[in-house]
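Novice: Compute the structure for the input listed below.
(4 chains)
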2 protein chains.
Amino acid sequence: MQHGYRMTTVSDGTEMRKALRDWNIDLLILDIMLPGEDGFALCRDVRRTSKIPIIMLTAVGEDTDRILGLELGADDYLTKPFNPRELLARIRAIFRRAETGSGTELTENSAEKVRFGSWVLNLGSRELRDADDVVVHLSTGEFSLLRALVKHNKRPLSRDQLVDIVRGQSSIPFDRSIDIQISRLRRKIEKDAKNPKLIKTVRGIGYQFCADVVTA
Amino acid sequence: MQHGYRMTTVSDGTEMRKALRDWNIDLLILDIMLPGEDGFALCRDVRRTSKIPIIMLTAVGEDTDRILGLELGADDYLTKPFNPRELLARIRAIFRRAETGSGTELTENSAEKVRFGSWVLNLGSRELRDADDVVVHLSTGEFSLLRALVKHNKRPLSRDQLVDIVRGQSSIPFDRSIDIQISRLRRKIEKDAKNPKLIKTVRGIGYQFCADVVTA
DNA sequence: GCAGAATGCTTCAATTTGTTACAAAAACCG
DNA sequence: CGGTTTTTGTAACAAATTGAAGCATTCTGC
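Specialist: Numbering: from 1, shown residues only, chains lettered A, B, ... in the order given. Presented below is the predicted three-dimensional model:
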């Protein structure tokens, strides 16, 4: 976590696609010079399926017109060597632009409300309601954890991943804090906390959200 | 007419305002070094009333952070001396972004009034009215804070960001003033200040305006 | 069933946030 | 100008949240 942003570094196109699939990536910074597929191809490829903001890193003398142009569709670019402050400024500018959209676009495919079991979780207002429409209070951490689980539903998430999502840090060894948060969350949303139906433990791996999640 | 764009040159802030009023200007290119009012002030001033894209021209060593940041709100900037091709590329990029932008803008030039919960906030006259059309008085700081929250609704804002927006300064360490302002604002607009529905706390991050905001 | 490991959960202290009371600063007003 | 009111920030304390420690429980492979 730096300057309020959490980042993941990958070393090639394959890792990038994996990261895009496994995490909710909000912004991509692409170097043109890469082993394997070059940045141009990657950029074009990502653009085909996603509107995620892309910043390209170029060497001097590259054809800047082409980078920002329709062909590649990057949102911005920087010439190496660049000033870190400038990168930060451009990142912020991009998010600020995106913000003025409509609000709720953590990612493009995020819906406002999701339903699972007899619960309705409103991702915008951060409210969890039961079948009778009664609000069950969740602390920030509980909401954050639940959102992570729901977002990656039916997929086991390691404690590392969860800590990373919830706290934006990589976890220290023997970090049990997620277990406790899971415990607290189960107490609130499971009918029988001893027999969890929604948040199951995947021994040796982590936790998995098992309910069908319907975006309403 | 050059490269498909028509342009008008002005020499100071007064002329600029006249041009903005008399013509349909689509994009503003602002030099920071100007006779009379400087570019920073002009930029901020334009931003108060318009969402028109702004590109700033800066000398080397300027504080690029501030330029693209929330305070000034420019869309891009270029360091002098710059390559005309690069300026052209950035102009095109900005128009391309504008095209793909979704609607629902929450800025001055679109709507004067916004509605959330049972409240109506008039951004022009700075009046907040309840369901019975009774004015609830807000101090300058309270209004400014509420406007910031509403503008970035459904998105958590850090204390730093809020201080920056409200006071135009970066906050000192351990600055709790935002918390107190939030507290005062809640007392005025929340039905139950203990259970805030509009302004929620995001622990470790800041605050988030959670209501649906409708521009009326 | 048993040993060891992984997970669940209680307790408690540290941190973060909410709020009250009060003082400084600013605006207002004659 | 002086006096008054309003606004805003600091200090101090209350409440909520959270994670570490540590023991209880469950699971796995034998």
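
Novice: domain assignment for chain A?
Specialist: Chain A breaks down into these structural domains: A:13-99, A:113-215 (assignment by automatic domain parsing).

Novice: show me the residues around residue A:30 that make contact.
Specialist: Going by CB atoms under 8 Å, 6 or more residues apart in numbering or on different chains, residue A:30 touches A:39, A:42-43, A:54-57, A:74. To be clear about C-beta, it is placed using only N, CA and C from the backbone, and glycine gets the same treatment.

Novice: Now do the strands in chain A.
Specialist: In order along the chain, chain A carries the following strands (DSSP state E): A:28-31, A:54-58, A:76-79, A:113-116, A:119-122, A:127-129, A:135-136, A:156-158, A:199-202, A:206-209, A:214-215.

Novice: can you put those strands in CSV and add mean pLDDT?
Specialist: Below are the strands of chain A laid out as CSV (pLDDT from 0 to 100):
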stretch, mean pLDDT
strand A:28-31, 88
strand A:54-58, 85
strand A:76-79, 80
strand A:113-116, 92
strand A:119-122, 94
strand A:127-129, 94
strand A:135-136, 93
strand A:156-158, 88
strand A:199-202, 93
strand A:206-209, 93
strand A:214-215, 88
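
Novice: Determine which of these approaches residue B:216 most closely.
Specialist: For the strands of chain A, distance to residue B:216 was read as CB to CB. The smallest value, 22.5 Å, belongs to strand A:119-122.

Novice: returning to that earlier point: among the contacts of residue A:30, which one sits closest to chain B?
Specialist: Within these, distances to chain B taken as CB to the nearest CB reach their minimum at residue A:74, with 8.4 Å.

Novice: thought residue A:165 was touching residue A:144?
Specialist: Yes: with contact defined as CB atoms under 8 Å, residue A:165 reaches residue A:144; the gap is 7.4 Å.

Novice: and the top helix by length along chain A, average pLDDT?
Specialist: Of all the segments assigned as helix in chain A under DSSP state H, the longest by residue count is helix A:84-99. Mean per-residue pLDDT for helix A:84-99: 74.

Novice: can you give me the angle it makes with strand A:54-58?
Specialist: Angle of helix A:84-99 versus strand A:54-58, following axes from the mean of the first three to the mean of the last three CA atoms, to 10 degrees, is 150 degrees.

Novice: tell me what helix A:84-99 is packed against?
Specialist: Helices and strands in packing contact with helix A:84-99 are listed as strand A:54-58, strand A:76-79, helix B:64-68; criterion 3 or more CB pairs under 8 Å, 6 or more residues apart in numbering or on different chains; DSSP states H and E.

Novice: Check which helices and strands the second one is in contact with.
Specialist: Going back to what we said before, that points to strand A:76-79. The helices and strands touching strand A:76-79, judged by 3+ CB pairs under 8 Å, 6+ apart, are strand A:54-58, helix A:64-68, helix A:84-99.

Novice: can you pull the buried residues of it?
Specialist: For strand A:76-79, burial by neighbour count (16 or more other CB atoms under 10 Å in any protein chain shown) applies to A:76-77.

Novice: Over to stretch A:33-41?
Specialist: A:34, A:39-40.

Novice: Compute the number of surrounding residues for the closest residue to residue A:190 other than its chain neighbours.
Specialist: Counting by CB to CB, 6 or more residues apart in numbering or on different chains, residue A:196 is the residue found nearest to residue A:190 once chain neighbours are left out, at 4.9 Å. Other residues within reach of residue A:196 by the criterion other CB atoms under 10 Å in any protein chain shown amount to 17.

Novice: Find me the pLDDT at residue A:196, would you?
Specialist: According to the per-residue confidence, residue A:196 scores 91 in pLDDT.

Novice: likewise residue A:64?
Specialist: Here the pLDDT value assigned to residue A:64 is 58.

Novice: Out of the strands of chain A, flag the one nearest DNA strand C.
Specialist: Of all the strands of chain A, the one in closest proximity to DNA strand C, counting by CB to the nearest atom of the strand, is strand A:199-202 (3.8 Å).

Novice: Show me what that closest one packs onto, helices and strands only.
Specialist: For strand A:199-202, the elements it packs on are helix A:177-189, strand A:206-209, judged by 3+ CB pairs under 8 Å, 6+ apart.

Novice: change it to 10 Å
Specialist: Applying 3 or more CB pairs under 10 Å, 6 or more residues apart in numbering or on different chains; DSSP states H and E, we find strand A:199-202 packed against helix A:140-151, strand A:156-158, helix A:177-189, strand A:206-209.

Novice: Which of the residues in it are classified as buried?
Specialist: Of the residues in strand A:199-202, those buried under the neighbour-count criterion (16+ other CB under 10 Å) are residue A:199.

Novice: chain center to that strand: distance?
Specialist: Here strand A:199-202 shows a centroid-to-chain-centroid distance of 21 Å under the convention CA atoms, centre = their mean, to the nearest Å.

Novice: And stretch A:158-166, by the same measure?
Specialist: For stretch A:158-166 - counting by CA atoms, centre = their mean - the centre lies 11 Å from the chain centre.

Novice: and what of stretch A:202-211?
Specialist: Stretch A:202-211 has its C-alpha centroid displaced from the chain centroid by 19 Å (CA atoms, centre = their mean).

Novice: can you tell me if that stretch touches DNA strand C.
Specialist: Yes: in terms of CB under 7 Å from any atom of the strand, part of stretch A:202-211 sits within range of DNA strand C, namely A:202-206.

Novice: Near residue A:10, how many other residues are there?
Specialist: Neighbour count of residue A:10, defined by other CB under 10 Å: 13.

Novice: The residue lying closest to it once chain neighbours are set aside: what's it in contact with?
Specialist: With CB to CB, 6+ apart as the criterion, residue A:10 has its nearest non-adjacent residue at 4.9 Å, and that residue is residue A:16. For residue A:16, the residues meeting the contact criterion (CB atoms under 10 Å, 6 or more residues apart in numbering or on different chains) are A:8, A:10, A:25, A:28, A:30, A:34, A:37, A:42, A:45-46.

Novice: And residue A:25, by the same measure?
Specialist: A:7-8, A:16, A:19, A:46, A:50, A:52-53, A:107 are the contacts of residue A:25 under CB under 10 Å, 6+ apart.

Novice: residues contacting the nearest residue to residue A:129 once chain neighbours are set aside?
Specialist: Among residues not flanking residue A:129 along the chain, residue A:120 sits closest, at 4.9 Å (CB to CB, 6+ apart). Counting by CB under 10 Å, 6+ apart, residue A:120 touches A:113-114, A:127-131, A:133, A:214, A:216.
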